[in-house]
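Colleague: heads up, no residue letters with this:
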């Protein structure tokens, strides 16, 4: 196991100890997200919201700000709520990016045109390398949009369906990332 200094500053969510525990050997997947929020402070506020009877909410494990600042909100041995159906086996990494904020499901605001910064991508690659060294079972990477393809009625017109999740979105440089990591993109049929 690598003994290198961790990249992330632990900044545990208030409910992190209430998240279900898991063995590290269960983790074989990283799921990439964008926060679809304006900044890291707002992402933290959303992460702290309690949404479930367990006293927990929705959050990723790691957050990378536009300037490359990296924070860890949940321990790896805890199951964070970040993607339907894949949480027990995955690590959620959130990149701060406006996405469709604040009109997430409005059919007129589906463009995701904010590019990711080189600082974010550099830190993401370092984090992925460190996680691969720490977790020998880690093999796969996917975008939230790859795993949650549900279409929902648009907030402005229920007759129009829009993607519930589109992150990390069209600005994410998948070719660059995959050329610089040992992880392979998980493709889910359907």
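Modeller: Perfect, I can see it now. Bear in mind the structure is a predicted one, so any value in this text is a computation, not a measurement. Numbers count the residues shown, from 1 in each chain.

Colleague: Find the residue closest to the residue lying farthest from the centre of the chain in space, skipping its chain neighbours.
Modeller: Computed with CA atoms, centre = their mean, the maximum C-alpha offset from the centroid of the chain is found at residue 159, amounting to 29.3 Å. With CB to CB, 6 or more residues apart in numbering as the criterion, residue 159 has its nearest non-adjacent residue at 7.5 Å, and that residue is residue 153. Using the backbone N, CA and C atoms, a C-beta is placed for each residue, glycine as well.

Colleague: what bridges to that neighbour?
Modeller: Note on residue 153: beta-bridge partners residue 161, judged by DSSP bridges.

Colleague: roughly how far apart are it and residue 112?
Modeller: The span separating residue 153 from residue 112 equals 20 Å under the rule CB to CB, to the nearest Å.

Colleague: give me every residue that touches the residue nearest to residue 159.
Modeller: With contact set as CB atoms under 8 Å, 6 or more residues apart in numbering, residue 153 has these partners: 105, 159, 160, 161, 162.

Colleague: who touches the residue nearest to residue 69 when sequence neighbours are not counted in this structure?
Modeller: Nearest in space to residue 69, with sequence neighbours left out and distances taken as CB to CB, 6+ apart, is residue 40 at 7.2 Å. Residues in contact with residue 40, defined by CB under 8 Å, 6+ apart, are 63, 65, 69, 71, 96.

Colleague: which of the residues in the biggest helix by length in the chain are buried?
Modeller: Ranked by residue count under DSSP state H, the longest helix found in the chain is helix 118-134. By neighbour count, and taking 16 or more other CB atoms under 10 Å as the criterion, the buried residues in helix 118-134 are 120, 121, 123, 124, 127, 128, 129, 130, 131, 132, 134.

Colleague: For residue 32, grab phi and psi.
Modeller: Reported as degrees, to the nearest 10, the phi and psi values for residue 32 are phi -90, psi 140.

Colleague: Ok, the one 3 residues further on next?
Modeller: According to degrees, to the nearest 10, the main-chain angles of residue 35 amount to phi -70, psi -30.

Colleague: contacting residues around it?
Modeller: 42, 43, 46, 63, 94, 95, 96, 97, 99.

Colleague: again, only this time at 6 Å
Modeller: Under the criterion of CB atoms under 6 Å, 6 or more residues apart in numbering, the contact list for residue 35 reads 43, 94, 96.

Colleague: Can you check the pLDDT for residue 187?
Modeller: Looking at residue 187, its pLDDT reads 84.

Colleague: Appreciated, that's everything.
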